[in-house]
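1. kindly generate the corresponding structure for this input.
(chains A and B)
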2 protein chains.
Amino acid sequence: MEFQSYFPIWDKLSPAQQSRILDNLVLRKLEKGTVVHNGSMDCNGLLLVNSGQLRAYILSDEGREITIYRLFDRDICLFSASCMLRSAQFNITIEAEKDTSLWLIPVKVYRHIMDESAPLANYTNEIMAARFSEVIWLIEQVMWQSMDKRVATFLLEESAIESSARLSITHEIIANHLGTHREVITRMLRYLQSEGMVKLSRGVVELLDEKRLAALRDM
Amino acid sequence: MEFQSYFPIWDKLSPAQQSRILDNLVLRKLEKGTVVHNGSMDCNGLLLVNSGQLRAYILSDEGREITIYRLFDRDICLFSASCMLRSAQFNITIEAEKDTSLWLIPVKVYRHIMDESAPLANYTNEIMAARFSEVIWLIEQVMWQSMDKRVATFLLEESAIESSARLSITHEIIANHLGTHREVITRMLRYLQSEGMVKLSRGVVELLDEKRLAALRDM
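-> As a prediction, the model looks like this:
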């Protein structure tokens, strides 16, 4: 089975622990746009991405969004199982950003093994530290970076993810990633267009000058 | 020794692990204002607060600050030992907000025990999940709360910590907690004063109407 090669500390689990996971593993296919985890409403299990892309975000009472991190092949999503951690008191929504195939490890199974396995508990620690790093980075961005730099950073990141300079993305979606209003993004993109860094057309942002966008990002 | 009663999972450690900690433990007294941990510059160990108060904050390149969490008696500070976690890629500064007495557990000692002890690794997980919750709360505040609500929240929290309605605190310090400029705080405090909720004098903010401040916070 392919799962073993996706799970980094597989060899550090006992044969009993390994079969317990394999016996309870569920492979799921999700269509783009599917919400996999919704705040504190559910707590199915940990998600290991086989292929595709997940997005974790916070939702305000008024329906505004901000992306806190994204998950790609081989990434593991811990907070879809946040009920597993007594001290995890927050609501994160997780959504498939592309058609995604993933394995779900039920909470009870993971928790049970983590209680007895130092390697699994330490692996979980590393995942959480990685997410914590991303969230601190986000605070730094939100607090101290101007919106033009944040948009440039986002466009370059998105272009790297898609391996394309032509991004099919609306201003609304960019606004939801960055936690701002569509109007703000439209204004910013028009500014970048007037500077010759991007070209805008319906539902498309095309990066024309990645060098200058990178210079803006790193300024 | 008092340490044992401050360390929640003491009984779940083996006698060898317990003596390893006790043999390497350092008790430190810090004066108010001492920086205990500075970004990625040092990595001495975990700090367990005996008495006093620590503040963890992020510092911008321009010297601006925002508090990300605070630690009180019996709280443990993990990120003063962030080098222990390979995936912890962020710079946090930790400072004594009051005269503080704390125990330092050297990184190597903690890491060694955590590698073999599932209870210690899981305890570390819980600490990190708690800090993660605080940081997500902070993002929600920064993104979606107006500054008047954030100031009201801060003043009420501070008043609870100090068990006093009379706070000896400057506008500058409040600004550093909330990640904004002194002028913004001064304007906000004057507004709250004009509404009869606080009274300002040199270096002092006095809460006059906690009920209305709480109503503002919970609005």
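
2. C-alpha only now, for contacts and for neighbours.
-> Fine.

3. just give the nearest non-adjacent residue to the residue of chain A found nearest chain B, would you?
-> Per CA to the nearest CA, residue A:118 is where chain A lies closest to chain B, at 3.9 Å. Leaving aside its chain neighbours, residue A:118 sits nearest to residue B:118 (3.9 Å; criterion: CA to CA, 6 or more residues apart in numbering or on different chains).

4. where does residue A:214 sit: helix, strand or coil?
-> helix (DSSP: H, G, I helix; E, B strand; the rest coil).

5. how near is residue A:128 to residue B:130?
-> As defined by CA to CA, to the nearest Å, residue A:128 lies at a distance of 11 Å from residue B:130.

6. give me the more crowded residue out of these two.
-> residue A:128 (22 against 17; other CA atoms under 10 Å in any protein chain shown).

7. list the contacts for that one?
-> A:78, B:125, B:128, B:129 (CA atoms under 8 Å, 6 or more residues apart in numbering or on different chains).

8. for it, helix, strand, or coil?
-> helix.

9. show the pLDDT at it.
-> Note for residue A:128: predicted pLDDT of 94.

10. re earlier: mind putting the contacts of residue A:128 into CSV with distance to residue B:24?
-> As requested, these are arranged in CSV below (distance: CA to CA, whole Å):
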residue, distance to residue B:24
A:78, 33
B:125, 23
B:128, 23
B:129, 27
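
11. in those, find the pair that's most separated.
-> For the contacts of residue A:128, the farthest-apart pair by CA to CA is A:78 and B:128; their separation is 12.6 Å.

12. where does chain A have its least confident helix or strand?
-> None of the helices or strands of chain A scores lower by mean pLDDT, DSSP states H and E than strand A:35-38, at a mean of 89.

13. strand partners of that strand, parallel vs antiparallel please.
-> As defined by DSSP bridges, the strand partners of strand A:35-38 come to strand A:93-96 (antiparallel).

14. with just CA atoms, put the strand it pairs with into CSV.
-> In CSV, the C-alpha atoms belonging to strand A:93-96 read as follows (Å, rounded to 0.1, in the frame of the first residue of the first chain):
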residue,chain,number,x,y,z
THR,A,93,-12.1,25.7,8.3
ILE,A,94,-10.3,23.4,5.9
GLU,A,95,-11.3,23.2,2.2
ALA,A,96,-10.1,21.4,-0.9
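
15. strands of chain A, start to end?
-> Secondary structure of chain A (DSSP state E): strands at A:26-30, A:35-38, A:45-51, A:54-59, A:65-71, A:76-77, A:93-96, A:100-106, A:166-168, A:198-201, A:204-207.

16. who touches the shortest one?
-> Residues external to strand A:76-77 that are found in contact with it (CA under 8 Å, 6+ apart): A:46, A:47, A:48, A:49, A:71, A:127.

17. so which of those are also by chain B?
-> Contacts with chain B within these, counted by CA under 8 Å from any CA of the partner chain: residue A:127.

18. which one (most neighbours) among the contacts of strand A:76-77?
-> Using other CA under 10 Å as the neighbour criterion, residue A:47 leads the contacts of strand A:76-77 with 26 neighbours.

19. I'd like the contacts of strand A:76-77 laid out as CSV, including distance to residue B:55.
-> Shown next, in CSV, are those (distance: CA to CA, whole Å):
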residue, distance to residue B:55
A:46, 32
A:47, 34
A:48, 35
A:49, 37
A:71, 31
A:127, 25
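
20. what parts of chain A come near chain B?
-> So chain A meets chain B at A:58, A:60, A:85-90, A:114-119, A:121-122, A:124-130, A:132-133, A:135-137, A:139-140, A:142-144, A:179 (CA under 8 Å from any CA).

21. now the residue most central in space within chain A: closest residue in space, sequence neighbours ignored.
-> Residue closest to the mean C-alpha point of chain A, counted by CA atoms, centre = their mean, is residue A:70 at 1.4 Å. The shortest distance from residue A:70 to any non-neighbouring residue, by CA to CA, 6+ apart, is to residue A:55 (4.4 Å).

22. measure how buried the one you found is and give me the count.
-> 22.

23. can you check residue A:159 too?
-> By other CA under 10 Å, neighbour count at residue A:159 equals 17.

24. could you do residue A:119 as well?
-> Neighbour number of residue A:119 under other CA under 10 Å is 22.

25. gap between it and residue B:13?
-> From residue A:119 to residue B:13 the distance is 16 Å (CA to CA).

26. next: residue A:30.
-> Taken as CA to CA, the span from residue A:30 to residue B:13 is 43 Å.

27. could you do residue A:209 as well?
-> With distances taken as CA to CA, residue A:209 is found 58 Å from residue B:13.

28. pLDDT weak spots in chain A?
-> A:1, A:40-41 (pLDDT under 70).

29. again, only using 50
-> Within chain A, no range satisfies pLDDT under 50.

30. domains in it, by residue range?
-> According to automatic domain parsing, chain A comprises the domains A:3-136, A:144-218.

31. got those domains as a markdown table, with distance to residue B:170 columns?
-> Output for these, formatted as a markdown table (distance: least, CA to CA, whole Å):
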| stretch | distance to residue B:170 |
| --- | --- |
| domain A:3-136 | 26 |
| domain A:144-218 | 22 |
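
32. what about residue A:117, how many residues close to it?
-> Residues near residue A:117, counting by other CA under 10 Å, number 23.

33. with adjacent residues omitted, what lies nearest to it?
-> Excluding the flanking residues, the one nearest residue A:117 by CA to CA, 6+ apart is residue B:118, at 5.5 Å.

34. hmm, that neighbour is touching residue A:116, no?
-> Yes: at 5.8 Å, residue B:118 and residue A:116 qualify as touching, with contact defined as CA atoms under 8 Å.

35. between those two, tell me which one has more neighbours.
-> residue B:118 (23 against 15).

36. now do the contacts for the more buried one.
-> A:114, A:115, A:116, A:117, A:118, A:119, A:121.

37. wait, residue A:127 sits on residue B:85?
-> No: using CA under 8 Å, residue A:127 is not in contact with residue B:85, being 9.7 Å away.

38. and the gap between residue A:125 and residue B:127?
-> Distance, residue A:125 to residue B:127, using CA to CA: 10 Å.

39. what do you get for residue A:77?
-> 18 Å.

40. residue A:11 too?
-> On the measure of CA to CA, residue A:11 and residue B:127 end up 27 Å apart.

41. repeat that for residue A:113.
-> 19 Å.

42. now do the buried residues in stretch A:209-219.
-> By neighbour count on 16 or more other CA atoms under 10 Å in any protein chain shown, the buried set for stretch A:209-219 is A:210, A:213, A:217.

43. got a list of contacts for that stretch?
-> Counting by CA under 8 Å, 6+ apart, A:148, A:149, A:150, A:152, A:153, A:156, A:196, A:197, A:198 sit against stretch A:209-219.
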